[in-house]
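In: task: produce atomic coordinates for the following.
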Amino acid sequence: MILHADKISNQGEPTMNSNFDGQMIRRGTIMLGYHNGAEGGDVLSEDGEVLGTWYMDEEEWSHFTIEGHTEISSSAPSPWMLQDVIADWYEKKPSV
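Out: From the prediction side, this is the model:
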């Protein structure tokens with residue numbers, strides 16, 4: 001893992017401006033692996049519920065699979081657009 005010196009505190013912990021998992025938080029969803037080059041990872045709600053996983057394919061399309069499912073449920077031409085699709089789905093998802 002590489003962190004820029006300006007994002008490291010004196011104790012070696014990341015500051016508020018960085019994170020180890022490259023997360024992107026938007027519209028009540030968190031995509032891990034978004035900003036760190038992983039090109040995939042878990043998708044969580046802001047409450048920590050695992051919603052599923054996402055990944056980017058070799059053609060740079062992003063895909064989402066709902067937790068507990070095996071088939072891709074949504075795809076989009078970018079992670080940003082995929083996160084909007086996931087957020088739309090999550091906002092309509094019935095509470096359990």
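In: run through the bridge partners of the residue most central in space within the chain.
Out: By CA atoms, centre = their mean, the chain has its centre lying nearest to residue 31, at 1.0 Å. Residue 31 forms beta bridges with residue 24, residue 43, as assigned by DSSP bridges.
In: which residues touch it?
Out: Contact partners of residue 31, counting by CB atoms under 8 Å, 6 or more residues apart in numbering, are 23-24, 41, 43, 54, 79, 82-83, 86. For the C-beta atoms, the positions are set from N, CA and C on the backbone; glycine is no exception.
In: try residue 76
Out: 61-62, 82, 84-85.
In: contact partners for residue 59?
Out: Shown in contact with residue 59 (CB under 8 Å, 6+ apart): no residues.
In: distance of it from residue 88?
Out: 23 Å (CB to CB, to the nearest Å).
In: okay, now the residue nearest to residue 50 when sequence neighbours are not counted: neighbour count?
Out: Leaving aside its sequence neighbours, residue 50 sits nearest to residue 67 (CB to CB, 6 or more residues apart in numbering; 5.1 Å). Other residues lying near residue 67 total 12 when counted by other CB atoms under 10 Å.
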